[in-house]
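Novice: coords please:
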Amino acid sequence: MKRFAMVAIWGLLVLAGLFVVVRFSGLIDHMLPAGDPPNYTFDPGADIPQSNNFFIACPDRLAPKTDRKMQSPVFDAAASTLADLLIETAPAHGMTLMRGANGAKPGKLYFLARSPVFHFPDWVEVELILPETGNEVTFCMFAQSVYGSEDLGQNEKRTRAWIADVTVRMGQAG
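Specialist: Below is the predicted model:
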């Protein structure tokens, strides 16, 4: 029995060591590629994923019918100010800008988020909604896990925290 325990402990240490090397060498990012962003269409009649690995923030008039959504805030600011603040605050929420102001459709930003431990990739797409009149700007956001059919609420948590951060920095209560 003592011998089995020693072999089991040794085996766990070897596996832990392998995980640490793979995880912190950046190799895991190559093993779990993110692929292309989803390019979601924000429309009340848009198809939503069948899996529970997404979250949407959007004005009610553009939101699809799902319980995995929230209404995005409206800001009295220029679209460029909001875009700059989204880009500036993204790293604090575990996201990296992959495509944005340069090289993407105007008003669209694409961020890649990775889970803290296993580095599973999630795409976060933001489309700025420009005002028809005045200076009020808002956005639609679609966050979806690349792998798996369940995200355990991580896209919602990240989205809500990021929007709360942006709202505070914009100096508004929502």
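Novice: how close does Phe4 get to Trp10?
Specialist: 11 Å (C-beta to C-beta, to the nearest Å). Where C-beta positions appear, they are placed from N, C-alpha and C, glycine not excepted.
Novice: meant to ask about Phe54, not that
Specialist: Taken as C-beta to C-beta, the span from Phe54 to Trp10 is 41 Å.
Novice: if you count what's nearby, which of those two comes out ahead?
Specialist: Between Phe54 and Trp10, counting by other C-beta atoms under 10 Å, Phe54 is the more crowded of the two (22 against 10).
Novice: partners of the more buried one in the sheet?
Specialist: Residues in a beta bridge with Phe54, per DSSP bridges, are Gln144.
Novice: does Phe142 count as helix, strand or coil?
Specialist: Following DSSP: H, G, I helix; E, B strand; the rest coil, we place Phe142 in the strand state.
Novice: State the distance from it to Pro91.
Specialist: 20 Å.
Novice: who has more neighbours, these two?
Specialist: Phe142 (27 against 11).
Novice: Just give me the neighbour total for the closest residue to that one other than its chain neighbours.
Specialist: Of all residues not flanking Phe142 in the chain, Tyr40 sits nearest, at 4.1 Å (C-beta to C-beta, 6 or more residues apart in numbering). Using other C-beta under 10 Å, Tyr40 has 22 neighbouring residues.
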